[in-house]
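In: Quick one, fold the following:
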Amino acid sequence: MSVIRDTNSFLYDLVRGQTSKMATSVARLEEQAITGRRINRPSDAPTEMVQVNRLREEVANQEVYGRNASWAKSIQGLADQVLGEVTNIFQRAGEIAVSMSNEHYNADDRSAAADEVTELRNQLVVLSNTDLGGRHIFAGDAFDTSPFDSAGTYQGSTDIPETLVANDQWVEVGFDGSVAFQGSIDSFQVLADLKTALETNVASDVQGSITDVQDAAKQTISARQEMGHQYAKSDDAELLSDTLRAEFTTHLDSVVGANEGEVYMQLQQARSSYSAALQVAAGGLGMNLFDHI
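Out: Numbers count the residues shown, from 1 in each chain. Here you go, the predicted model:
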C-alpha cells in the first residue's frame, strides 16, 4: 500500500470522526430546540439526574396529593350538604313538636302532623344513605352498601376511610353514620317517638319530645362542624399541593430547561460549521464525504 493511500485513509477516518461528532452536536441542539429542554435523557447530564429524578418525583407526588384532596372535598362537601338538610328536618320537627304540644290542637291536627313527621323520617333515611357515584358516605369503610335500613339500623362500619393529601397528612373520605345519626341520641328514634306522641294525641307527650328533637339537631350540627373541619384540611392541602407542584415544576424547568435564544444561536453556528467542514473536507480529500457519512 502506498504512503499516499495510507495518508488519505487516515485523513478520511479523522475527518469522518470529526464530522460525525459535529453531526451529533447538531442533532442534540435540534432536539433541545424542539423540546425546550437541555436534558432529554440521562446521558445528556449524568451528574444532574439525581436532582432531576427527585424533582420529577416531587411533582408527581404533589399531583397525586392534589387529586386526593379534590376528591376528598367532593365527599366532605356532599356530607356537609346532607347534614345541612338533616338539620332542616329537625328544625321542622321542632316546630311541629312545639306547636302540637298546645292544647288548642285536636286529634285530627296531630294526626296530620304525624304524617308529616313520618315523611321527615323517610327523608332522614334517604339522606343517611346518600352516595357519591355508588360510594355511601356515611357507611365508614363499608361504603359499597347502604349504611341504614328502613328501621334506622346501622349496617355500615365504624372504621373511617382516609386518603393521603400531603406528606403524612390524611383526611377522612367517609364517615361513621352511627356517630352522625346515633351518637348521643338516635335521630331515627326521636322522629319515631314524636310520631307516636302525635298519633296518641297526648299533648304532654308531644311536649316531652321537644328536648329530644333539639338534642338530635345539636348532634347533627356537631357532626356538620366536623365535616367542615375535614373540608378545611382538604382545601388547605389542595392549595399547598398546587403551590408546591408549581414550585417544583419551576425548579425542574430551570434544571432541565434550555435557553431558547442561546440554543438557536448555537444550533445555527453548529449547522454552519458542520456544513463548512463537509465542504472543506470533501474538496481537500478529493472525495464526496456525503457518501461516507
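In: Test my guess that Ala180 contacts Ile221.
Out: No: using CB atoms under 8 Å, Ala180 is not in contact with Ile221, being 10.9 Å away. C-betas here are computed from N, CA, C, even on glycine.
In: Overlap of the contact sets of those two?
Out: Counting by CB atoms under 8 Å, 6 or more residues apart in numbering, the common neighbours of Ala180 and Ile221 are Leu83.
In: The two: who's more crowded?
Out: Ala180 (24 against 14; other CB atoms under 10 Å).
In: wait, what's in contact with that one?
Out: Per CB under 8 Å, 6+ apart, neighbours of Ala180: Leu83, Ser128, Phe138, Gln219, Thr220, Ala223.
In: In PyMOL, select just the buried ones from those.
Out: Applying 16 or more other CB atoms under 10 Å to the contacts of Ala180, the buried members can be selected in PyMOL as follows:
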select buried, resi 83+128+138+219+220+223
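In: Give me the domain ranges for this protein.
Out: 3-36+258-291, 63-251 (automatic domain parsing).
In: With distance to Arg54 as new columns, can these be given to me in JSON lines?
Out: Listed next are those as JSON lines, based on distance: least, CB to CB, whole Å:
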{"stretch": "domain 3-36+258-291", "distance to Arg54": "20"}
{"stretch": "domain 63-251", "distance to Arg54": "9"}
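In: Need the winner for burial among those domains.
Out: Most buried of these, by mean neighbour count (mean count of other CB atoms under 10 Å): domain 63-251, with a mean of 18.
In: pLDDT of it, averaged?
Out: Mean pLDDT, domain 63-251: 96.
In: helix or strand for Trp170, which one?
Out: Following DSSP states H and E, one finds Trp170 within strand 169-172.
In: Identify the residues contacting that strand?
Out: With CB under 8 Å, 6+ apart as the criterion, strand 169-172 contacts 69, 72, 76, 160-165, 230, 233-234, 237.
In: can you rerun that using 10 Å?
Out: 65, 68-69, 71-73, 75-76, 79, 137, 140, 160-165, 226-227, 229-237, 240 (CB atoms under 10 Å, 6 or more residues apart in numbering).
In: Show only the entries of those found in strands.
Out: Helix and strand membership here follows DSSP state E; of these, those in strands are Glu162, Thr163, Leu164, Val165.
In: got the contact list for Asn61?
Out: By CB under 10 Å, 6+ apart, the neighbours of Asn61 are Leu164, Ala166, Asn167, Ser241, Leu244, Arg245, Phe248.
In: which helices and strands does the helix or strand hosting the last one pack with?
Out: Secondary structure from DSSP H and E places Phe248 in helix 210-256. Judged by 3 or more CB pairs under 10 Å, 6 or more residues apart in numbering; DSSP states H and E, helix 210-256 is in contact with helix 49-100, helix 107-128, strand 162-166, strand 169-172, helix 177-182, helix 187-200.
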